[in-house]
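Student: After the sequence you'll find the predicted model.
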Amino acid sequence: MQTTIKTAISLIGTGLHSGRPARLRILPASAEYGIWFRRVDVSGRDNLIAARYDNVADTRLSTNLSNQDGVSVSTVEHLMAALAGCGVHNALIEVDGPEVPIMDGSSDRFVREILVAGVQELQAPVRAIRVLRRVELTIDNVEVSIEPCDGLEIDFSIDFPDAAIGRQTKHMNMANGAFVRELCNSRTFCRKADVDWMLSQGLGLGGNLNNALVVDGEAVLTPGGLRHEDEFVRHKMLDALGDLSLAGAPVLGHYRGVRAGHASTNALLRKLFATPMAYEMIVCDEATAHRLPGAGVTRQDLSRVA
C-alpha cells in the first residue's frame, strides 16, 4: 500500500549555499499526492514544486528544483533519499526559503524524524516504474546506466586523486531497510581546495566541518573522522537514491554509476523516460512492494545503523 507520515515533522537547520537558518515541515498527504515542496515565503506566484526529474533546474552543487514560475528549492537529494529509504510515497514539504537545511550532510536526521513520526499506510496500491531495457549514458569520464531488475540495486564506483578517498566501489540491494542501516548517515564530502574556491565565489557559505567530510590529500579534516571506511562511496549511493526518487515513483532497476553525480543521474532519468519501450508503470503486487526501499522499516532499524 502507499504511505505517508503519521504526524507532521518540524526541523530547523542551516542552508548549504546561504548559511542562513532554514525551517522545514514535512506534512502528511493523501494517496496519489506524491512528494511536493511548498515555499511558504513566496506569495503572488505559484509556490508549489513537484519533486520530479523534469523539474530539476540545476545540479552544480546539489539537486535543485524549479517550477514554471521560477520558484525553486535546492539541496533536496538527502531529504528525497530519506523519504524513499523510509518508504514514504506521499508528503508535502514546506520550507521557508530556497534551501532544504543541510543538517549534518547526510540523511540521518531526516530518517530519524520520519521513523519517530511513524509511517502510515493509505488505501491505494503502490505504483512503480519497471525498467524493461538497459539505458546508458557516457558523459566525458562519467558512466551511468540502468537495466531490468526485480527490485532496486545500486552499484557505484568513485575514483579521486586524494589519498583520503581514492578508489571505492560498493554494491547494494536497497530492499528491506538497507538504506536506513547502511547509507543514511554517510555525509557529503569535498576537497579543501574546492571549499576555498566556493567560498571565494560566495558559494557554499553554510558548509563547515560539522556538515561535510572535508579532505586534504591524505587527511580527513572533519573532527571524529569517518563513520564508515567507505563513507565517500556510500554517500554517492545516498545521493543516487535521492535523485532516482525524482522519477515520481519507486524504480525497479539496477543502477550503475561510475564517477557519477546529480547531473548524470538526472540525465539518465530523462533518457529513460524519453525511451517509451524502456520502461512501464506497474501496480506492485505484495512481493514486489516488499522489495522496495523502505518497505517494513521501523524505529528499531535505527539501532542497527551500521
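Tutor: That came through, no problem.
Student: To which secondary structure element is R25 assigned?
Tutor: With elements delineated by DSSP states H and E, R25 resides in strand 21-28, which encompasses its position.
Student: what residues does that strand touch?
Tutor: Residues from elsewhere that reach strand 21-28, judged by CB atoms under 8 Å, 6 or more residues apart in numbering: 4-15, 79, 90-97, 99-101, 113-114, 117, 120. Just so you know, the C-beta spots here come from the backbone N, C-alpha and C atoms, and that holds for glycine as well.
Student: Please, a PyMOL command that selects the buried ones among those residues?
Tutor: Under the burial definition 16 or more other CB atoms under 10 Å, those of the contacts of strand 21-28 that qualify are selected in PyMOL by:
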select buried, resi 4+5+9+11+13+14+15+79+90+91+92+93+94+95+96+97+99+100+101+113+114+117
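Student: Tell me where the chain has helices.
Tutor: If you assign secondary structure with DSSP state H, the helices in the chain sit at 77-85, 108-117, 178, 192-200, 231-244, 262-273, 286-290.
Student: For the residue nearest to the spatial centre of the chain, give me its contacts.
Tutor: The chain has G242 as the residue nearest its centroid, 2.0 Å off, counting by CA atoms, centre = their mean. For G242, the contacting residues are 63, 76-82, 84, 107, by CB under 8 Å, 6+ apart.
Student: Which of those ranks first by neighbour count?
Tutor: Compared across these, S107 has the highest neighbour count, 32 neighbours, by other CB atoms under 10 Å.
Student: for the stretch 201-306 of the chain, what spans make up the strands?
Tutor: 213-216, 219-220, 251-258, 279-283 (DSSP state E, counting those that start in this stretch).
Student: most neighbours per residue, which of those strands?
Tutor: For those, average neighbour numbers computed from mean count of other CB atoms under 10 Å are highest in strand 251-258, which has a mean of 23.
Student: rewinding a little: got a markdown table for the helices of the chain, with distance to L302 too?
Tutor: As requested, those are arranged in a markdown table below (distance: least, CB to CB, whole Å):
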| stretch | distance to L302 |
| --- | --- |
| helix 77-85 | 12 |
| helix 108-117 | 6 |
| helix 178 | 14 |
| helix 192-200 | 31 |
| helix 231-244 | 16 |
| helix 262-273 | 27 |
| helix 286-290 | 20 |
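Student: Need these in a markdown table (columns: distance to R299 and mean pLDDT).
Tutor: Formatted as a markdown table, the entries for the helices of the chain read as follows, by distance: least, CB to CB, whole Å; pLDDT from 0 to 100:
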| stretch | distance to R299 | mean pLDDT |
| --- | --- | --- |
| helix 77-85 | 14 | 98 |
| helix 108-117 | 5 | 96 |
| helix 178 | 17 | 93 |
| helix 192-200 | 35 | 69 |
| helix 231-244 | 20 | 98 |
| helix 262-273 | 30 | 98 |
| helix 286-290 | 19 | 94 |
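Student: for those helices, which one sits closest to V131?
Tutor: With respect to V131, and counting by CB to CB, the nearest of the helices of the chain is helix 262-273 at 7.1 Å.
Student: quick one, domains of this structure?
Tutor: Here the chain is described, according to automatic domain parsing, as comprising the domains 3-121, 127-304.
Student: can you tell me which of the ones you listed the model trusts least?
Tutor: Taking the average pLDDT of each of these, the minimum falls on domain 127-304, with a mean of 91.
Student: unless I'm mixing things up, L92 is touching V40, no?
Tutor: No. At 10.7 Å, L92 does not count as touching V40 under the criterion of CB atoms under 8 Å.
Student: before we move on, back to that, closest one to G294 among the strands of the stretch 201-306 of the chain?
Tutor: G294 lies closest, by CB to CB, to one member of the strands of the stretch 201-306 of the chain: strand 251-258, at 12.9 Å.
Student: what's the closest one packed up against?
Tutor: Using 3 or more CB pairs under 8 Å, 6 or more residues apart in numbering; DSSP states H and E, the elements in contact with strand 251-258 are strand 127-131, strand 142-147, strand 152-159, helix 231-244, helix 262-273.
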